[in-house]
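A.B. asks: curious how this folds, go ahead:
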Amino acid sequence: MNTTREKSWMCISCGYVMDAATHVGDGTAVPDEDSISLCLNCGELYMHHNKKWVLMTNDEYTSLPDELKIKLYYYNQIRRNVIIKDLAFKNLS
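C.D. replies: Residues are numbered from 1 along each chain as shown. As a prediction, this is how the structure comes out:
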């Protein structure tokens with residue numbers, strides 16, 4: 001997997017600050033228009049529009065192919081099993 005640094009953005013749902021994108025499939029890690037990301041802390045979905053990450057709308061999610069929705073669900077399940085504390089609050093143990 002390849003990781004690229006991004007301009008920091010804060011998750012609108014949980015406040016976690018993200019500054020990187022990792023491509024989980026084949027290809028480059030550099031996000032392009034309509035790339036999808038999820039918050040590592042809470043799983044909120046984002047899309048890359050005009051060189052920045054914005055909250056994915058319900059219409060955007062609905063228009064995704066079913067197999068991509070299944071992959072996103074799978075990635076979110078993995079995230080839930082790995083992240084055992086709220087990353088937005090770094091002082092928690």
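
A.B. asks: gap between the lengthiest helix in the chain and the chain center?
C.D. replies: In the chain, taking DSSP state H as the definition, the longest helix is helix 66-82. Mean-position distance between helix 66-82 and its chain equals 11 Å (Cα atoms, centre = their mean, to the nearest Å).

A.B. asks: restrict it to CA atoms and write it as PDB.
C.D. replies: Extracted C-alpha coordinates of helix 66-82, given in PDB (Å, rounded to 0.1, in the frame of the first residue of the first chain):
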ATOM      1  CA  ASP A  66     -23.000  -2.100  -5.000                       C
ATOM      2  CA  GLU A  67     -19.600  -3.900  -5.000                       C
ATOM      3  CA  LEU A  68     -17.900  -0.600  -3.900                       C
ATOM      4  CA  LYS A  69     -20.400  -0.200  -1.100                       C
ATOM      5  CA  ILE A  70     -19.600  -3.700   0.100                       C
ATOM      6  CA  LYS A  71     -15.900  -2.900   0.100                       C
ATOM      7  CA  LEU A  72     -16.500   0.200   2.100                       C
ATOM      8  CA  TYR A  73     -18.600  -1.700   4.600                       C
ATOM      9  CA  TYR A  74     -15.800  -4.300   4.800                       C
ATOM     10  CA  TYR A  75     -13.100  -1.600   5.300                       C
ATOM     11  CA  ASN A  76     -15.200   0.000   8.000                       C
ATOM     12  CA  GLN A  77     -15.600  -3.300   9.800                       C
ATOM     13  CA  ILE A  78     -11.800  -3.800   9.800                       C
ATOM     14  CA  ARG A  79     -11.400  -0.200  11.100                       C
ATOM     15  CA  ARG A  80     -13.800  -0.900  14.000                       C
ATOM     16  CA  ASN A  81     -11.900  -4.100  14.900                       C
ATOM     17  CA  VAL A  82      -8.500  -2.300  14.900                       C
END
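
A.B. asks: tell me which residues of it come out buried.
C.D. replies: 72, 76 (16 or more other Cβ atoms under 10 Å). In short, each C-beta sits where N, CA and C put it, glycine included.
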